[in-house]
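Enquirer: sequence and predicted model, in that order:
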Amino acid sequence: MNNTNEMTVSFSSNAQNEGFARMVVASFIAGTNPTLEEVSDVKTAVSEAVTNSIIHGYREKKGQVRINASVTGRKIYIEVIDEGEGIADVKKAMEPMYTSRPEEERSGMGFSFMEAFMDKIKVESGLGSGTTVKMWKEIGTAGRQFE
Amino acid sequence: MKKYDYSDGTLIYYLPKELDHYAAEKIKIGSEKVFESNDVKFLIFDFDKTLFMDSSGIGLITGRYRRVHDKGGKVYIVNVNQAIDKILKMSGIYRIIEKKETKEDIIREMVAGGYYE
């Protein structure tokens, strides 16, 4: 029997929706019985991906950011999708401290945090074709590499 | 709620419950005139009310750090919870900014440094 639970949410690319996105995902994964630290990790990763979609994907333009998430047992899978301008060089964008917009005081740590707080991430993007960030995390496996 | 306090060279930011890109932008804009019209020597980020922060918070802190550091000033962080401490550690920001348990600890250090009598 397949007991996967799924959800999809779509919202305008307004910065004020960043908090909404974190809250929705945190509520959705509650059934995996995560620790406070694990909830915080997932919220941070989602916040980074959604912020990227809003400020880099869509810039000043309006668009929709979509989150697909699923939970199977204690395994979490999250997709953050935008149809914005996309990333020309994904490898470069994922380098720690790299930012395409230094004048705006971006730290360049968004992807590093996603990688650190989730078990695995994958970024699919191309100029003009939007960006999809896929993230996996299994609750209860406690990768404590930062203690 | 008061977002910051300035007096006599010391600027304290009272950071919000959730310090993300949305909040960081508002704080940057709101405090710009304080930096323009004053000589900020000590800058304190107070995380007392803050439960969540992402990399936008790091951008906010490092951006303000540059302005204060260029003038020979010092930046402190106080009242951070465990989740935020983890992010601050990972970012490497403690190499340039000092964390203190309480604001009293900062004042004590400022007095010891001869800044206050």
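Expert: Yep, that arrived. Model, not experiment: these values are computed from the prediction.
Enquirer: helices of chain A, residue ranges please.
Expert: A:17-28, A:36-52, A:90-93, A:110-117 (DSSP state H).
Enquirer: least reliable of these going by mean pLDDT?
Expert: Lowest mean pLDDT of the helices of chain A: helix A:90-93, a mean of 91.
Enquirer: now for that helix, which elements pack on it?
Expert: Identification of packing neighbours for helix A:90-93 by 3 or more Cβ pairs under 8 Å, 6 or more residues apart in numbering or on different chains; DSSP states H and E yields strand A:120-125. The C-beta positions use only the backbone N, C-alpha and C, and glycine is treated the same way.
Enquirer: mind listing what's buried in the strand it packs on?
Expert: For strand A:120-125, the neighbour count (16 or more other Cβ atoms under 10 Å in any protein chain shown) marks A:Ile121, A:Val123, A:Ser125 as buried.
Enquirer: which one of the residues you listed sits closest to chain B?
Expert: A:Ile121 (14.3 Å; Cβ to the nearest Cβ).
Enquirer: OK, contacts around the closest one?
Expert: Applying Cβ atoms under 8 Å, 6 or more residues apart in numbering or on different chains to A:Ile121 gives the contacts A:Ala45, A:Phe111, A:Met114, A:Glu115, A:Val133, A:Lys134, A:Met135, A:Trp136.
Enquirer: for residue 98, give me phi and psi.
Expert: Went with chain A since none was named. A:Tyr98 adopts backbone torsions of phi -80, psi 130, taken as degrees, to the nearest 10.
Enquirer: to clarify, I was referring to chain B.
Expert: The phi/psi pair for B:Glu98 (degrees, to the nearest 10) reads phi -90, psi 140.
Enquirer: count of residues packed around the residue nearest to it when sequence neighbours are not counted?
Expert: Once flanking residues are discounted, B:Glu98 sits nearest to B:Tyr76: 5.3 Å by Cβ to Cβ, 6 or more residues apart in numbering or on different chains. With neighbours defined by other Cβ atoms under 10 Å in any protein chain shown, the count for B:Tyr76 comes to 20.
Enquirer: then A:Ala88?
Expert: Counted with other Cβ under 10 Å, residues neighbouring A:Ala88 total 12.
Enquirer: just the buried ones from the contacts of A:Ile121?
Expert: A:Ala45, A:Phe111, A:Met114, A:Glu115, A:Val133, A:Lys134, A:Met135.
Enquirer: what's the weakest-modelled helix or strand in the chain?
Expert: Went with chain A since none was named. helix A:90-93 (a mean of 91; mean pLDDT, DSSP states H and E).
Enquirer: ok, residues contacting that helix?
Expert: A:Ile87, A:Tyr98, A:Ser100, A:Phe111, A:Val123, A:Glu124, A:Ser125.
Enquirer: ok, and of these, which contact chain B?
Expert: Counting by Cβ under 8 Å from any Cβ of the partner chain, nothing from the contacts of helix A:90-93 sits close to chain B.
Enquirer: for B:Arg108, give me the pLDDT.
Expert: For B:Arg108, pLDDT reads 84.
Enquirer: how about the residues of chain A that lie near chain B?
Expert: A:15-16, A:18-19, A:22, A:36-37, A:40, A:43-44, A:47-48, A:51, A:54-55, A:104-110, A:112-113, A:116, A:146.
Enquirer: ChimeraX command for the buried members of these?
Expert: Applying 16+ other Cβ under 10 Å to the residues of chain A next to chain B, the buried members can be selected in ChimeraX as follows:
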select /A:15,18,19,22,40,43,44,47,48,51,54,55,105,106,107,108,109,110,112,113,116
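Enquirer: distance of A:Ser47 from A:Met109?
Expert: The gap separating A:Ser47 from A:Met109 is 12 Å, by Cβ to Cβ, to the nearest Å.
Enquirer: and if you look at B:Ser37?
Expert: For B:Ser37, the distance to A:Met109 - Cβ to Cβ - is 31 Å.
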